[in-house]
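**Q** structure, please.
(one chain, ligands or ions: 1)
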Amino acid sequence: MRLGDVIDDHCVKCRRVTNHSIVSLVNGEAAKVRCRTCYHDHDYRHEQAPPSKKELKKAEAEAQAALAATVDGGHGVEEPSTNPEVV
Ligand SMILES: [Zn+2]
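**A** Purely as a prediction, here's the structure:
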């Protein structure tokens, strides 16, 4: 690999894999690349897309649902307000 070589990588701005030029090399591997479609510079991602906002929201929604399920399952098991040990 050499500077200026064209490789495929995922561009967050284009939101897809596009042609990129290598702008920085570390140990003979691409470290930074520039999208040839929108000229956005970024770290080489090995063609991996970062988690999208949709995926993050989905994970968050699932966490909330799990939490809600836990609360729903706790009906009727609340401790009485007067605890003899605290007095
Ligand atoms: Zn791009």
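
**Q** the spatially most central residue of the chain: what's it in contact with?
**A** By C-alpha atoms, centre = their mean, the chain has its centre lying nearest to residue 51, at 3.3 Å. By C-beta atoms under 8 Å, 6 or more residues apart in numbering, the contact set of residue 51 is residue 59. Just so you know, the C-beta spots here come from the backbone N, C-alpha and C atoms, and that holds for glycine as well.

**Q** again with residue 39
**A** With C-beta under 8 Å, 6+ apart, residue 39 has no contacts at all.

**Q** swap in the one 5 residues further on?
**A** By C-beta under 8 Å, 6+ apart, the contact list for residue 44 reads 7, 9, 20, 22, 29-33.

**Q** what of residue 47?
**A** Contacts for residue 47 (C-beta under 8 Å, 6+ apart) come out as 8-10, 17.

**Q** equivalent analysis for residue 15, please.
**A** With contact set as C-beta under 8 Å, 6+ apart, residue 15 has these partners: residue 49.

**Q** if I look at it, how far off is the ion?
**A** In this view, residue 15 and the ion are 8 Å apart by C-beta to the ion, to the nearest Å.

**Q** now do the same for that residue: its pLDDT.
**A** pLDDT recorded at residue 15 is 91.

**Q** related to what we said a few turns ago, so which of the contacts of residue 44 belong to strands?
**A** Of the contacts of residue 44, the ones assigned to strands by DSSP state E are 7, 9, 20, 22, 29-33.

**Q** confirm the residue nearest to the centre of the chain sits in a strand?
**A** No. Counting by DSSP: H, G, I helix; E, B strand; the rest coil, residue 51 is not part of a strand but coil.
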